[in-house]
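Undergrad: starting from these lines, generate the structure:
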Amino acid sequence: MNGQYSAFADVAIFEAVRTPWIDLGGALSQVSPIDLGIKVGREVLARAGIEPQAVDSVLAGSMAQASFDAYLLPRHIGLYSGVAQAVPALGVQRICATGFELLRQAAVQLRDGVQLALCVASESMSRNPIAAYTHRDGFRLGGEVQFKDFLWEALYDPAPGLDMIATADNLARRYGLSRKSVDRHACDSHQRALQAQRDDAWAEEIVTVDNQVFELEGYQPRGISLARRASAVSTDSHPRPTDLEALTRLRAVHPGGVQTAGNSCAVVDGAAAALVGRASACTRPALARLLASAVVGVAPEFMGIGPAPAIRLLLQRSGLNLGDIGRFEINEAQAAQVLAVAYELELDSTRLNVQGGSLALGHPLAATGLRLVMTLARQLRQHNLRYGIAAACVGGGQGMALLIENPVYRA
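TA: Down below sits the predicted model:
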């Protein structure tokens, strides 16, 4: 099977945290993704009880250039998180799988002698710019003046001439998925997420974000100033009560399609961070062991099916089968997309996204992969399950999956 497979030995995720996912235009809407990244970078080190000076690699990812200093995002996250000035920083990007790629890159660096890597993914969908790419030399008299919404245009792939919603509709037609089935999945996602909130299922991974200043001796301070007069945010804002009847009333985005605003992922802001090091060096039980990764390419017009071949490659090369996997966390870009993957792999719905997914929580592009992994890892520990797989489709036609193991599993 084509694709890239990597197996890792002695690699552990020591700790991982995230901010709440907050709706577009909400309390995080005016916060630079750099500052959100600094917040979770500092917090994950504090939670792990590790001094920032112990970090010897910084890896960070963000998709849109959501601040004027966006080029400096990896470096400034590292510096303002307290990491030593001599430690280098690297920007990582694989669109919706950026969070996974951060962990993969960290594992590869451990092979080369790195002892501890700080991985941070941060996304401000609210601060996506209104952009112009053709006016550096000015405007011609009577010429076309072209400014476009970067957030909206980023959903369109010019290769097949389709937006992401249309690629999910393609999968619905290929797999015979009805509008009712995709709406039902969206409804289930919201209900599962609401139940998870009531059960405090994400309490260990979410850090409260409030107004604060980040100091760095010898350099300019920076910090977080929440919008909408908020003093703090501590809970994901998008999960909400809904029912199948309400979802069925929504109009399809494309005539004849099944995807609507209600059964597509929410647009949110948020950041996440993880510490990756050697399992043998961990002084307390790690959150998870990272065993392997797989990434594949698929047809752009069916990009949402990407997790299926990625998971197949992961299982084939690791010597496991679907029955060995206790939980799956597959990103819900669109309901038809995740249902197509489940259909293709014949997945048991009781093991898939049991706390809801991005249809309910939202999808801050770069940060989603880290959320999937930390949520999955905590489920494995809570239910004494050994293996879990997190996966996502990737715009342009890719799929990526990670295999993790519960380090405290008891047979």
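
Undergrad: what strands line up against whichever strand or helix holds Ile404, and which way round?
TA: Element membership for Ile404 (DSSP states H and E) is strand 398-405. Here strand 398-405 is paired, per DSSP bridges, with strand 288-297 (antiparallel), strand 387-394 (antiparallel).

Undergrad: I'd like the next helix or strand past the first one.
TA: Later in the chain than strand 288-297, the nearest helix or strand by DSSP H and E is helix 307-318.

Undergrad: is it correct that Glu329 falls within a strand?
TA: Yes: if the criterion is DSSP: H, G, I helix; E, B strand; the rest coil, then Glu329 is within a strand.

Undergrad: what about it, neighbour count?
TA: Glu329 is flanked by 28 other residues according to other C-beta atoms under 10 Å. From N, CA and C alone the C-beta is placed, and that goes for glycine too.

Undergrad: what residues are up against it?
TA: By C-beta atoms under 8 Å, 6 or more residues apart in numbering, the contact set of Glu329 is Asn353, Gly357, Leu372, Val373, Thr375, Leu376, Gly388, Ile389, Ala390, Ala391.

Undergrad: cool, and Leu162?
TA: Neighbours of Leu162 in contact, by C-beta under 8 Å, 6+ apart: Tyr156, Asn170, Pro300, Glu301.

Undergrad: mind redoing it with 7 Å?
TA: Residues near Leu162 by C-beta atoms under 7 Å, 6 or more residues apart in numbering: Glu301.

Undergrad: got it, and the one 5 residues further on?
TA: Neighbour list for Thr167: Glu301, Phe302, Met303, Gly304 [criterion: C-beta under 7 Å, 6+ apart].

Undergrad: burial count for the second one?
TA: Spelled out, that is Phe302. Neighbours around Phe302, by other C-beta under 10 Å: 19.

Undergrad: that one touches Asn170, doesn't it?
TA: Yes: because the distance of 5.6 Å satisfies C-beta atoms under 7 Å, Phe302 is recorded as touching Asn170.

Undergrad: how about the CA coordinates for stretch 168-187, as PDB?
TA: Taking Å, rounded to 0.1, in the frame of the first residue of the first chain, the C-alpha atoms of stretch 168-187 are listed here in PDB:
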ATOM      1  CA  ALA A 168     -18.200  15.500   1.100                       C
ATOM      2  CA  ASP A 169     -21.300  15.500  -1.200                       C
ATOM      3  CA  ASN A 170     -19.200  13.400  -3.600                       C
ATOM      4  CA  LEU A 171     -18.600  10.800  -0.900                       C
ATOM      5  CA  ALA A 172     -22.300  10.800   0.000                       C
ATOM      6  CA  ARG A 173     -23.100   9.900  -3.600                       C
ATOM      7  CA  ARG A 174     -20.400   7.300  -3.700                       C
ATOM      8  CA  TYR A 175     -21.400   5.600  -0.500                       C
ATOM      9  CA  GLY A 176     -25.200   6.100  -0.800                       C
ATOM     10  CA  LEU A 177     -25.400   8.300   2.300                       C
ATOM     11  CA  SER A 178     -28.800  10.000   2.700                       C
ATOM     12  CA  ARG A 179     -29.500  13.400   4.100                       C
ATOM     13  CA  LYS A 180     -31.200  11.800   7.000                       C
ATOM     14  CA  SER A 181     -28.200   9.700   7.900                       C
ATOM     15  CA  VAL A 182     -25.700  12.600   7.900                       C
ATOM     16  CA  ASP A 183     -28.100  14.800   9.900                       C
ATOM     17  CA  ARG A 184     -28.500  12.000  12.400                       C
ATOM     18  CA  HIS A 185     -24.800  11.700  12.800                       C
ATOM     19  CA  ALA A 186     -24.500  15.500  13.400                       C
ATOM     20  CA  CYS A 187     -27.300  15.200  16.000                       C
END
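
Undergrad: for Val296, which non-adjacent residue is spatially closest?
TA: Gly3 (3.6 Å; C-beta to C-beta, 6 or more residues apart in numbering).

Undergrad: number of nearby residues for that neighbour?
TA: Gly3: 20 neighbours (other C-beta under 10 Å).

Undergrad: the nearest residue to Cys282 once chain neighbours are set aside: what's it in contact with?
TA: Closest residue to Cys282 apart from its sequence neighbours, by C-beta to C-beta, 6+ apart: Ala12 at 5.4 Å. Residues counted as contacts of Ala12 (C-beta under 7 Å, 6+ apart) are Gly277, Arg278, Ala279, Cys282, Ala286, Ala288, Arg289, Leu290, Pro407.

Undergrad: the first one belongs to a strand, doesn't it?
TA: If I follow you right, that is Gly277. Yes: applying three-state DSSP, one finds Gly277 inside a strand.

Undergrad: look up which residues are beta-bridged to it.
TA: Counting by DSSP bridges, the residues bridging with Gly277 are Ala12, Leu116.

Undergrad: surely Glu7 and Ala292 touch.
TA: Glu isn't right for residue 7; it's Ala. Yes: counting by C-beta under 7 Å, Ala7 does reach Ala292; the two are 4.7 Å apart.

Undergrad: neighbour-wise, which of those two wins?
TA: Neighbours around Ala7 and Ala292, counted as other C-beta under 10 Å, are more numerous at Ala292. The numbers are 23 against 15.

Undergrad: thought the more buried one was touching Ala9?
TA: No: contact criterion C-beta under 7 Å: Ala292 and Ala9 do not qualify, at 10.1 Å.

Undergrad: okay, Thr134: pLDDT?
TA: On pLDDT, Thr134 comes in at 88.

Undergrad: name the nearest residue to it, sequence neighbours excluded.
TA: Gln146 (6.3 Å).

Undergrad: for the one you found, give its distance to Asp157.
TA: Using C-beta to C-beta, to the nearest Å, Gln146 is found at 19 Å from Asp157.

Undergrad: the two - which one has more neighbours?
TA: Asp157 (18 against 11).

Undergrad: what count of nearby residues applies to the residue lying closest to that one once chain neighbours are set aside?
TA: Excluding the flanking residues, the one nearest Asp157 by C-beta to C-beta, 6+ apart is Pro300, at 5.4 Å. When neighbours are defined as other C-beta under 10 Å, Pro300 has 17 of them.

Undergrad: against Leu247, how distant is Pro300?
TA: From Pro300 to Leu247 the distance is 28 Å (C-beta to C-beta).

Undergrad: also Leu314?
TA: Distance from Leu314 to Leu247, by C-beta to C-beta: 32 Å.

Undergrad: the two: which is more packed in?
TA: Leu314 (28 against 22).

Undergrad: give the contact list for that one.
TA: Ala292, Ala294, Ile389, Ala401, Leu403.
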